[in-house]
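Chemist: Sequence and predicted model, in that order:
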Amino acid sequence: MKPTDLTACSLVITTYNAPDLLDLAIRSALAQSEPPSEILIADDGSTSDTALLIETHRVRASVPLVHHWQEDRGFRAASSRNRAIAAAKGNYIVIVDGDILMHRDFIRDHKRLALAGTFIQGSRVLLSKENTLKRFVTKNITVSLFEKGLENRKNVLHFPLLSKLIALKSSSLSGIRSCNMSFFRNDCLRINGFNEDFIGWGREDSEFALRMINSGILRRNVRFSAIASHLWHPESPKHQLSANDRLLEQAVVGRITTCTNGIDKYLAKR
């Protein structure tokens, strides 16, 4: 099937109390060769310094930059994403984390590769601590193939024509990461968005992808396009990972296609 109209694309950036990282992520979002129609910051309860940072960028942004904040009640990425996606005006959604530097053609690539009946899973380059700390000072948002401090270096290569040829459909859950993903908004609404029963770090993105696949929306892995670079930071606590693993297993066994604690509650308030 051909892709539907993608003129309206919403970029959702998830964040929590990491303004140095978010600053670089927003800078890369605002430097896109083909800007998104809007940038939505899905804030999981950050303090006021994040709001000030967003406002600083908002006044000079060429596209709407909207801050969606929720009360800090622990790690609730699913809820913060749902709130932003519910408010999104675009029919195509690109989601990244606030620790991601986007290649200047990142949005263009996601739109170019979008295909009805599928969602996109992108890859990422890992930047070292030293590389990341240097960028806090220089504000450099460009990642080069030969610079120091890169892991998974091949993922920085940009070959758009090749990427389209090898972006095959898959139903695998291996390596699912919401730090670089895109999908049609209607497909997200059909499965009721992210499952907010997932509290704490881990697996809410895999369960979201599983329900997409169970609904007939297959995964396409994208390499050599939609380049994302992950800035270093200390890892989040994983206290809830075992409980989230059990929720994911229940979804696998039950072959579920939707969830009860999802995005619909925010749609009713629009």
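Modeler: Looks like it arrived, so ask away.

Chemist: Going by C-alpha atoms from here, please, whenever you check contacts or count neighbours.
Modeler: Fine.

Chemist: and residue 164, how far is that from residue 27?
Modeler: 27 Å (C-alpha to C-alpha, to the nearest Å).

Chemist: same check, this time on residue 253
Modeler: Distance of residue 253 to residue 27, computed by C-alpha to C-alpha: 42 Å.

Chemist: Between these two, point out the one with more neighbours.
Modeler: residue 27 (17 against 8; other C-alpha atoms under 10 Å).

Chemist: Look at that one and give its secondary structure.
Modeler: Using DSSP: H, G, I helix; E, B strand; the rest coil as the criterion, the local structure at residue 27 reads helix.

Chemist: Make sure it is actually in contact with residue 141.
Modeler: Yes - counting by C-alpha atoms under 8 Å, residue 141 is a contact partner of residue 27 at 7.3 Å.

Chemist: which residues does the residue lying closest to residue 51 once chain neighbours are set aside contact?
Modeler: Leaving aside its sequence neighbours, residue 51 sits nearest to residue 67 (C-alpha to C-alpha, 6 or more residues apart in numbering; 7.5 Å). When contacts are counted by C-alpha atoms under 8 Å, 6 or more residues apart in numbering, residue 67 touches 40, 41, 42, 43, 51, 54.

Chemist: which residues touch stretch 57-65?
Modeler: Contacts to stretch 57-65, defined as C-alpha under 8 Å, 6+ apart, come from residues 26, 30, 35, 36, 37, 38, 39, 40, 41, 54, 66.

Chemist: now it, how far from the centre of its chain.
Modeler: 19 Å (C-alpha atoms, centre = their mean, to the nearest Å).

Chemist: and it, which residues are buried?
Modeler: For stretch 57-65, the neighbour count (16 or more other C-alpha atoms under 10 Å) marks 58, 61, 65 as buried.

Chemist: and if you look at stretch 184-193?
Modeler: Residues of stretch 184-193 classed as buried: 184, 185, 187, 188, 189, 191, 192, 193 (neighbour count, 16+ other C-alpha under 10 Å).

Chemist: Phi first, then psi, for residue 182.
Modeler: phi -150, psi 160 (degrees, to the nearest 10).

Chemist: Kindly apply the preceding question to residue 259 instead.
Modeler: phi -140, psi 160.

Chemist: Help me confirm that it comes into contact with residue 191.
Modeler: Yes - applying C-alpha under 8 Å as the test, residue 259 and residue 191 come out as touching, 6.9 Å apart.

Chemist: so which pair among the contacts of residue 67 is furthest apart in space?
Modeler: Within the contacts of residue 67, 40 and 51 form the most distant pair, 12.6 Å apart (C-alpha to C-alpha).

Chemist: where does residue 183 land in three-state SS?
Modeler: Secondary structure, three-state DSSP: residue 183 is strand.

Chemist: Show the pLDDT at it.
Modeler: What the model reports as pLDDT for residue 183 is 97.

Chemist: helices or strands next to the top helix by length along the chain in the packing?
Modeler: Ranked by number of residues, the top helix in the chain under DSSP state H is helix 241-254. Secondary-structure packing of helix 241-254 (3 or more C-alpha pairs under 8 Å, 6 or more residues apart in numbering; DSSP states H and E): helix 204-214.

Chemist: Let me see the mean pLDDT of the helix or strand just after the helix it packs on.
Modeler: Next helix or strand after helix 204-214 toward the C-terminus (DSSP states H and E): strand 218-222. In this model, strand 218-222 has a mean pLDDT of 95.

Chemist: go on, stretch 100-108?
Modeler: Confidence over stretch 100-108 (mean pLDDT, whole number) is 97.

Chemist: Can you tell me the element residue 55 falls in?
Modeler: Using DSSP H and E, residue 55 falls within helix 48-58.

Chemist: low-confidence ranges in this structure?
Modeler: 1-6, 269-270 (pLDDT under 70).

Chemist: Would you map the helices across it?
Modeler: Along the chain, the segments classed as helices by DSSP H run 19-30, 48-58, 77-87, 106-113, 129-138, 160-166, 185-190, 204-214, 241-254, 264-267.

Chemist: could those go into JSON lines alongside distance to residue 153?
Modeler: Formatted as JSON lines, the helices of the chain follow (distance: least, C-alpha to C-alpha, whole Å):
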{"stretch": "helix 19-30", "distance to residue 153": "19"}
{"stretch": "helix 48-58", "distance to residue 153": "30"}
{"stretch": "helix 77-87", "distance to residue 153": "28"}
{"stretch": "helix 106-113", "distance to residue 153": "17"}
{"stretch": "helix 129-138", "distance to residue 153": "13"}
{"stretch": "helix 160-166", "distance to residue 153": "16"}
{"stretch": "helix 185-190", "distance to residue 153": "32"}
{"stretch": "helix 204-214", "distance to residue 153": "24"}
{"stretch": "helix 241-254", "distance to residue 153": "29"}
{"stretch": "helix 264-267", "distance to residue 153": "40"}
